[in-house]
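K.L.:
dropping the sequence and predicted coords here.
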Amino acid sequence: MASRDRFSKKLTCPQCNNTGFAEASEDDHPTRKHPGFQVDQLPTGFFEQRSSNFQESYIIKCQCGRKFPFRARTEAAEASQR
Ligand SMILES: [Zn+2]
């Protein structure tokens, strides 16, 4: 069984600046076709709009109505440069 990589990420709504920490996890297994990304807990004021196996296409909806991906593609690119 693949182990789960658990982490938290600070979400910030680009429209109303609502922030909070989401608890998420994904499979820590390089040969899988997809990471099996899953949000285990969303902070107050944020909701799941569309679930996805990928952080970049998992859509969060803020209480103000704004929708945005869990992780922006530019963010992922920055992280991989480290
Ligand atoms: Zn908002």
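P.N.:
Done, it's in.

K.L.:
pull the helix or strand with minimum mean pLDDT from the protein.
P.N.:
helix 73-80 (a mean of 69; mean pLDDT, DSSP states H and E).

K.L.:
burial measure for Asn53, as a count.
P.N.:
15 (other CB atoms under 10 Å). All C-beta atoms are positioned from the backbone trio N, CA, C, and that covers glycine.

K.L.:
ok, now Lys10?
P.N.:
Lys10: 9 neighbours (other CB under 10 Å).

K.L.:
can we start the residue count at 34 from this point?
P.N.:
Sure thing, new numbering starts at 34, so read that last one as Lys43.

K.L.:
so which elements touch the helix or strand harbouring it?
P.N.:
For Lys43, the enclosing helix or strand under DSSP states H and E is strand 37-45. Under the contact criterion of 3 or more CB pairs under 8 Å, 6 or more residues apart in numbering; DSSP states H and E, strand 37-45 touches strand 52-60.

K.L.:
close to the ion, is the strand it packs on?
P.N.:
No. Strand 52-60 stays clear of the ion (CB under 5 Å from the ion), getting no nearer than 9.5 Å.

K.L.:
continuing past that strand, what's the next helix or strand?
P.N.:
That would be, after strand 52-60 and using DSSP H and E, strand 71-74.

K.L.:
would you check that Ser58 makes contact with Asn86?
P.N.:
No. Assessed by CB atoms under 8 Å, Ser58 is found out of contact with Asn86, at 11.9 Å.

K.L.:
what do the two both touch?
P.N.:
Phe70 (CB atoms under 8 Å, 6 or more residues apart in numbering).

K.L.:
thinking again about what came up before, just checking: what are the partner strands of the strand holding Lys43?
P.N.:
Strand 37-45 has the following strand partners under DSSP bridges: strand 52-60 (antiparallel).

K.L.:
give me the contacts around the partner strand.
P.N.:
By CB under 8 Å, 6+ apart, strand 52-60 touches 35-46, 68-79, 88, 93, 103.
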